[in-house]
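Participant: Build me a model from this:
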Amino acid sequence: MSGLAAIFRRDNGPVGERDVAKMLEAVPYRGADGQLSKSFGRAALGYAKLTITEEDVADRQPVSSPRSGWALVGDVRLDNRRELLARLSDPPRGSASDAEVMLGCLEARGLDVISDFIGDFAFVAWDSRNERMIAARDTSGQRTLYYRCDSRVFAAASEIHQLFQDSSVPIAPNEDAIRDFLTPTNVFHNRRDQANTFFAGIFAVPAGHALVATRDTIAVRPFWQLNSKQLRYRDEQDYFERFREILFEAVQARLRSIYPIGAFLSGGLDSSTVACVAQELYRQGRAEDRGFTTFSIVFEGLECDERDLIGDVQAKYGLNSKLLPASNRVQSLNLTPTGFLGGPTKASSETAPVVEAAYSSGIRVLLSGDVGDAAIFGSALAFDSLIRQLRLRELPRFLQLYRQWFGESWRKILVLHGLLPLLPVGVNRQIRSWYARRSHRRDPFGGIPYWLDDRVKEVVSRRELELRLLEERGRRFSSSSREADYRALFPPEVGHNYAGWPIQNFRPFADRRLHEFLLSIPPELKFRPHPSSDEHYAAAKRIVRESMRGILPESIRTRLKPTHFAAMFDQEIQREWSVYEAAFGPGTQAEVAQQGYVDGAKFWKRLNDLKFGLWGWDFLYIHRIMWLETWLRSLRQPRQQLVTVRSAAASVTAG
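Facilitator: Next comes the predicted model:
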């Protein structure tokens, strides 16, 4: 998690090293091992260094080449560096940093080579001979990169607030982003990577895209598409073995560190799989064990406490495990937020004790099972796959449970998910777009809570239809299950990074090679009804359950139900009720009410219902409104405070 900064004067003005140095100083936690800046006349590049791999130790960025006139800064971990070096006729030395390897590839093959980079990366390069600046991000969006551009300046940085270090750049909310934030499509799914940010005039380089800025133009284009051909093996076991091979490669790539490794560990399939695979790699001598510690949040007295399952992983591998009690500081709402917030988000996170403990243990890499649900959960819509393979005996069980889980009519299930997927994708686009319009006409406010402001409900309703039509027009597969799996993977989920901490979150389930494989296999390999349980979760993640035999503890591999955390939020409601009342109670001036996002009286009534146990489908919406309230309040701060992210690590060290 190193830091990047870049400025290109499109008006021919000069750029000094100090201009980008100020941007780097805004992210001190990314530069624990130093900061370097260099001016190239009309452009300047800066790098805040956080060493993780052996090759990082001697890395001095920006790296540049007098031969080609290229210069580059990169927050990068290349997982296929050996293959890339082997393809170069004049490769850099074997101990070259990943940024140097990247620069050599760009010199030799130009921008087309970006699609060959496998790993987590964001980079900015200056091509002095063609007077253009290039920026790109990896296909899973694991490293962040933002930019702003006007007729005078193009600037890019790892974090949004770096771009606001120039006091001439206005800070204003992006109303379109807030509107999208409140659509049912986005509320009931994890947030997806996109170009828009919550700040007007600030954009993200989208995952899997490259940006080219010249004096007169700016273009953003995809360099890669997730579009795997279907893969067919004779034996199901071959799929499980191949998945295990790829997953082991993905975890191995993320164990490349000269520091001890940490891992989030719950009792769930995803994080447990990552931790167990890491131990198997150490046992096989495929990774050097410099120390490995797991960190787990436990919830004393609550049904979401998973310490027994965590103990099974610890016992199987003899792990150094740390159990951390859930913090009472977790908040969905903060009346007086301080420092920069990149958008509406939880006021304080339950992961904070883990990150603090990891930092205190000298850890710079935390492995997690993030993205596991998107990658391996699977879709219950495997009907067309079974029909195509003439596996008709299995079909009734799939259909029966799907109807039980989702309550759709037999007619809808058979037509939309059984017969329509057998037709060409173009026909699917037309019919499904028509169906989306029809459904919207019949229930324009479906999935939108009554307590939103009436005008906002109208805007959100129209935008919800637009988003659904965009999805259908961009449909890639006739198969409902393959399309569902594709949408779960791309655009990728927005990853959670630890603001203020010199720690990188590595997510093996975000690996591009894993995604390509998972999209290519029959959907019933990921999701198949359990023979003795009707639970939805019991049918999910089959490919992990089968491929991790002998690796995962059986108590986790065969678990039939997920852990639910409603009790934790119920505790928060009771504990923080005075805060909710101060924000939304009678006579208050809540930002979300003043700015017309909610009907204040109706929302307060809904909160009171929630306090007394009346849960409902709008639970996630309530969370979003609290996050939005916190973020809008943060914009009240004086500019100097608003554009500052506190270095959490520095405060721990001082304490």
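
Participant: CA atoms for contacts and neighbours, from now on please.
Facilitator: Noted.

Participant: and the closest residue to residue 588 other than its chain neighbours, how many residues sit next to it?
Facilitator: Of all residues not flanking residue 588 in the chain, residue 582 sits nearest, at 6.7 Å (CA to CA, 6 or more residues apart in numbering). Residues lying near residue 582 (other CA atoms under 10 Å) number 14.

Participant: so which helix or strand takes in residue 582?
Facilitator: helix 577-584 (DSSP states H and E).

Participant: Just want the phi and psi numbers for residue 76.
Facilitator: phi -150, psi 140 (degrees, to the nearest 10).

Participant: those helices in the stretch 101-250 of the chain, which residues are they?
Facilitator: 160-163, 175-181, 184-187, 236-253 (DSSP state H, counting those that start in this stretch).

Participant: same question, the stretch 351-500 of the chain
Facilitator: 352-360, 372-376, 383-388, 395-406, 410-412, 425-442, 454-473, 480-489.

Participant: Tabulate these (JSON lines), appending mean neighbour count and distance to residue 612.
Facilitator: Converted to JSON lines, these look like this (neighbours: other CA atoms under 10 Å; distance: least, CA to CA, whole Å):
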{"stretch": "helix 352-360", "mean neighbour count": "19", "distance to residue 612": "29"}
{"stretch": "helix 372-376", "mean neighbour count": "21", "distance to residue 612": "31"}
{"stretch": "helix 383-388", "mean neighbour count": "19", "distance to residue 612": "42"}
{"stretch": "helix 395-406", "mean neighbour count": "14", "distance to residue 612": "27"}
{"stretch": "helix 410-412", "mean neighbour count": "11", "distance to residue 612": "37"}
{"stretch": "helix 425-442", "mean neighbour count": "15", "distance to residue 612": "33"}
{"stretch": "helix 454-473", "mean neighbour count": "17", "distance to residue 612": "26"}
{"stretch": "helix 480-489", "mean neighbour count": "22", "distance to residue 612": "35"}
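
Participant: and residue 117, which of those is closest to it?
Facilitator: helix 480-489 (18.5 Å; CA to CA).

Participant: Residue 446: how many residues sit nearby?
Facilitator: 13.

Participant: Distance of residue 624 relative to residue 187?
Facilitator: Separation of residue 624 from residue 187 (CA to CA, to the nearest Å) stands at 8 Å.

Participant: of all the helices of the stretch 351-500 of the chain, which lies closest to residue 217?
Facilitator: Nearest of those (CA to CA): helix 454-473, 26.5 Å.

Participant: what's that closest one packed up against?
Facilitator: Applying 3 or more CA pairs under 8 Å, 6 or more residues apart in numbering; DSSP states H and E, we find helix 454-473 packed against helix 175-181, helix 184-187, helix 425-442.

Participant: Let's see that with 6 Å instead.
Facilitator: Using 3 or more CA pairs under 6 Å, 6 or more residues apart in numbering; DSSP states H and E, the elements in contact with helix 454-473 are helix 425-442.

Participant: Provide the contact partners of the helix it packs on at residue level.
Facilitator: 469, 472-473, 477-478 (CA atoms under 6 Å, 6 or more residues apart in numbering).

Participant: got the CA positions of stretch 562-581 in CSV?
Facilitator: The C-alpha trace of stretch 562-581 is given here as CSV (Å, rounded to 0.1, in the frame of the first residue of the first chain):
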residue,chain,number,x,y,z
PRO,A,562,-24.0,-18.6,8.1
THR,A,563,-23.4,-16.4,11.1
HIS,A,564,-25.9,-13.6,11.6
PHE,A,565,-24.8,-10.3,13.2
ALA,A,566,-28.2,-8.7,13.9
ALA,A,567,-27.6,-9.1,17.6
MET,A,568,-24.6,-6.9,17.3
PHE,A,569,-26.5,-4.1,15.6
ASP,A,570,-29.3,-4.5,18.2
GLN,A,571,-26.8,-3.8,20.9
GLU,A,572,-25.5,-0.8,19.0
ILE,A,573,-29.1,0.6,18.8
GLN,A,574,-29.6,0.4,22.5
ARG,A,575,-26.1,1.7,23.3
GLU,A,576,-26.1,4.6,20.9
TRP,A,577,-29.8,5.6,21.1
SER,A,578,-29.0,9.0,22.6
VAL,A,579,-26.8,9.7,19.5
TYR,A,580,-29.7,8.7,17.1
GLU,A,581,-32.0,10.9,19.1
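
Participant: Kindly export the helix or strand residue 641 falls within (C-alpha atoms) in CSV.
Facilitator: Using DSSP H and E, residue 641 maps to helix 639-642. Presented in CSV, the C-alpha positions along helix 639-642 are these (Å, rounded to 0.1, in the frame of the first residue of the first chain):
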residue,chain,number,x,y,z
ARG,A,639,-10.9,22.8,4.9
GLN,A,640,-7.6,22.0,6.6
GLN,A,641,-9.2,19.5,8.9
LEU,A,642,-11.5,18.1,6.2
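
Participant: before we move on, back to that, average pLDDT across the helix holding residue 582?
Facilitator: Helix 577-584 shows an average pLDDT of 96 in the prediction.

Participant: if I pick residue 541, what's in contact with it?
Facilitator: When contacts are counted by CA under 6 Å, 6+ apart, residue 541 touches 376-377, 526.

Participant: Flag every buried residue along stretch 202-222.
Facilitator: 202-215, 220 (16 or more other CA atoms under 10 Å).

Participant: and what of stretch 143-153?
Facilitator: 143-149, 153.
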